[in-house]
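Student: next come a sequence and a model predicted from it.
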Amino acid sequence: MIISPCISICRTDPKTGYCYGCGRSNKEKKIWKLENTSEEWKKENIKIIKKRLTGWQLESFNESYTYKIENGISLFKKNLKNE
C-alpha cells in the first residue's frame, strides 16, 4: 500500500495551485482518495511531486514523508502532540 504524501501542511500556493506541504494539486489530492486509483499512479505521482519541490521544501517533504511511512503519523502531527 502506498501511503498518501500528505504531511499535514495543507496550504495551497495561489500562484501554482500546489500544496506547500506535499506539492500536489487539488485534483491530484482527489485522485488519491478514489478507491480505484492504482498503486502505479500513486508511485508516479510521488515522483512528479518530488520534481516540483526544491530546496528546503523538498528536504522537509522527504523527512516528513519518510517519518510518516515509518511511524504512521506526520512529523507535524507528532510535534503537535509533544507541545
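Tutor: Structure received.
Student: would you say K51 is within a helix?
Tutor: Yes: the assignment for K51 by DSSP: H, G, I helix; E, B strand; the rest coil puts it in a helix.
Student: Y18 versus that one, what's the distance?
Tutor: 11 Å (C-beta to C-beta, to the nearest Å). Where C-beta positions appear, they are placed from N, C-alpha and C, glycine not excepted.
Student: those two: which has the busier surroundings?
Tutor: Y18 (17 against 10; other C-beta atoms under 10 Å).
Student: let me know the pLDDT of the more buried one.
Tutor: For Y18, the model assigns a pLDDT of 97.
Student: how much distance is there from the helix ranked longest in the chain to the middle of the chain?
Tutor: Ordering each helix of the chain by length in residues (DSSP state H) puts helix 55-71 first. Between the centre of helix 55-71 and the centre of its chain there are 9 Å (C-alpha atoms, centre = their mean, to the nearest Å).
Student: mean confidence for it?
Tutor: pLDDT averaged over helix 55-71 gives 94.
Student: packing partners of it?
Tutor: Counting contacts by 3 or more C-beta pairs under 8 Å, 6 or more residues apart in numbering; DSSP states H and E, helix 55-71 packs against helix 39-52, helix 75-81.
Student: and the longest one with helix 55-71, angle?
Tutor: Per axes from the mean of the first three to the mean of the last three C-alpha atoms, to 10 degrees, the angle that helix 39-52 makes with helix 55-71 is 150 degrees.
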